[in-house]
Structures are given as structure tokens and as C-alpha cells.
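Peer 1: The following block contains a protein sequence and its predicted model.
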Amino acid sequence: DESLSVRESHILRLLADGLPNKQIAARLSISAHTVKFHVARILEKLGAESRAEAVAAGVRKGHLRL
């Protein structure tokens, strides 16, 4: 179980807020492609198959507080 980077943790928080990639990209001043890359890494690190599963896993593993 790898730890999330600071950027990945921030993106996980925005996923939990229900934001789509384009809005996350705009908020963080990065490209939607970069967000997509980070989301893929978050899913991989948390062993999740969806954004919702990643948020649930993030809460369970202490990466995220709702």
C-alpha cells in the first residue's frame, strides 16, 4: 500500500467533493490530462476500480476525512 503524494491527496479530496476532471484541473491550474494521470495513480495505489471506491478506500485508510 503506497502512500499518496500531496498532490494525489488534494485530488482525492476534490474527487470526494464530486468534481469532474476538468473542474479539478481548473482549480489546480493543471491540464485535464494531468488530472487523469493522477486519478489513475490514486486508483492504483488505493486498489480501487472507480472514483467512488477510491474515496471510500481513502477514508478507510486514513487519507481522507469527510
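Peer 2: Noted; the coordinates are in hand.
Peer 1: and the closest residue to Glu8 other than its chain neighbours, which of the three is it?
Peer 2: Closest residue in space to Glu8, ignoring its immediate chain neighbours: Ile42 at 5.2 Å, by Cβ to Cβ, 6 or more residues apart in numbering. For glycine as for every other residue, the C-beta is placed from the backbone atoms N, C-alpha and C. Secondary structure, DSSP: H, G, I helix; E, B strand; the rest coil: Ile42 is helix.
Peer 1: Now for Ile42, how many residues are close by?
Peer 2: Applying other Cβ atoms under 10 Å, we find 24 residues neighbouring Ile42.
Peer 1: Now do it, the pLDDT please.
Peer 2: The predicted structure scores Ile42 at 97 on the pLDDT scale.
Peer 1: now do the one 5 residues further on
Peer 2: According to the model's per-residue confidence, Gly47 sits at a pLDDT of 95.
Peer 1: tell me which element the closest residue to it other than its chain neighbours is part of?
Peer 2: Nearest residue to Gly47 in three dimensions, chain neighbours excluded: Ala57, at 6.5 Å (Cβ to Cβ, 6+ apart). In the assignment (DSSP states H and E), Ala57 maps to helix 51-60.
Peer 1: hang on, the earlier thing: surely the residue nearest to Gly47 meets Leu46?
Peer 2: Yes. Ala57 is in contact with Leu46 according to Cβ atoms under 8 Å; the separation is 4.0 Å.
Peer 1: can you list residues touching both of these two?
Peer 2: Contact criterion Cβ atoms under 8 Å, 6 or more residues apart in numbering; residues shared by Ala57 and Leu46: His63.
Peer 1: of these two, who's got more company?
Peer 2: Leu46 (23 against 19).
Peer 1: quick one, what contacts the more buried one?
Peer 2: 4, 53-54, 57-58, 61, 63.
Peer 1: I'd like these written out as TSV, with distance to Asp17 and pLDDT added.
Peer 2: Formatted as TSV, these follow (distance: Cβ to Cβ, whole Å; pLDDT from 0 to 100):
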residue	distance to Asp17	pLDDT
Leu4	16	95
Glu53	16	97
Ala54	13	97
Ala57	16	96
Gly58	12	95
Lys61	18	92
His63	15	91
